[in-house]
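Asker: pasting the sequence and the predicted coordinates here, then a few questions.
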Amino acid sequence: MIMGLLKWAAAIVLGFALGVGSALLVIGFGAQRASDAAGAWTINRLAGSQAADPYTRASVARVGLLALAQSETIYFNLAEDEDGRRLSQACRYELTGGPMPARWWSITLYASDNYLPRNQGDALSIDATSVRADEAGRWAATVSAASPDAENWISSDAAGDGFSLTLRLYNPTDAARAAPSDVPTPRLRTLSCGDST
C-alpha cells in the first residue's frame, strides 16, 4: 500500500517537472523562432503584435516586458558583445550610435533577472533627449560599473553577468516598422574586462 502511494506520488512529481520544463523550453523556442536581427541586436517581431502566438505572449509575460503595440514601439535587445560573450558588469563597453528612425528612443540596462539593477548610479538608461550628441546626431556612451569620465553613461553596477540592453523606438517611422532589421542600431565595443585595460 505504502509502496503504491510512493510510486503514485513520484509519478505526479515527475510529470509536473517534465511539464514545467517542457513548457519553459517551448516558451524560449517560441521567442527565438520569432526573432530577427538588426546588427548585433535581436528583435522579437511578434512582441506587441496582435499576431503574437501563445508562446510569445508567455515569453513576454515571463520576462516582465510590458510590450506596447508595434505601431507605437519597436523593441531591440542586446545580450552579447561583439565576440558573442554574455555582457558582464566586470567589463567596460562603448556604445555608439546616431539618429534613430523614431520620434523618441531610449536604451535601458536590465540585470540578468530582467529587472533594473539595484545600484546608486542613477544612470540606468540614456535617451534621445538626455544623450549628448554632435551636430550630426552621433553619440557615444560608456556602459560600465564605475562612473567614467564621459558625458553619457549607463551603469552596469550590480547587474552581474548576463545583463542586457533594451533599445526602444517610440513612434517609429513607417520604414522602420516595415523593415526593423534595417534600423541602424547602436554598435557595442568591449573596451576592457576585469583588470585588463
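Answerer: Nice, thanks for sending it over. Numbering: from 1, shown residues only.

Asker: next SSE downstream of the helix or strand bottoming out on mean pLDDT in the chain?
Answerer: Ranked by mean pLDDT, DSSP states H and E, the weakest helix or strand in the chain is helix 54-63, scoring a mean of 48. As assigned by DSSP states H and E, the chain's next helix or strand after helix 54-63 is strand 73-78.

Asker: which other helices and strands contact that next one?
Answerer: strand 41-44, strand 161-172 (3 or more CB pairs under 8 Å, 6 or more residues apart in numbering; DSSP states H and E). To be clear about C-beta, it is placed using only N, CA and C from the backbone, and glycine gets the same treatment.

Asker: of these, which shows the lowest average pLDDT?
Answerer: Note on these: strand 41-44 shows the lowest mean pLDDT, a mean of 88.

Asker: pairing partners for that strand, with directions?
Answerer: strand 35-38 (antiparallel), strand 73-78 (antiparallel) (DSSP bridges).

Asker: reformat the ones you listed as TSV; add mean neighbour count.
Answerer: Rendered in TSV, the data for the strands paired with strand 41-44 read as follows (neighbours: other CB atoms under 10 Å):
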stretch	mean neighbour count
strand 35-38	15
strand 73-78	22
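
Asker: could I get the ones you listed as a markdown table with distance to residue 151 and mean pLDDT?
Answerer: Listed next are the strands paired with strand 41-44 as a markdown table, based on distance: least, CB to CB, whole Å; pLDDT from 0 to 100:
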| stretch | distance to residue 151 | mean pLDDT |
| --- | --- | --- |
| strand 35-38 | 26 | 72 |
| strand 73-78 | 21 | 93 |
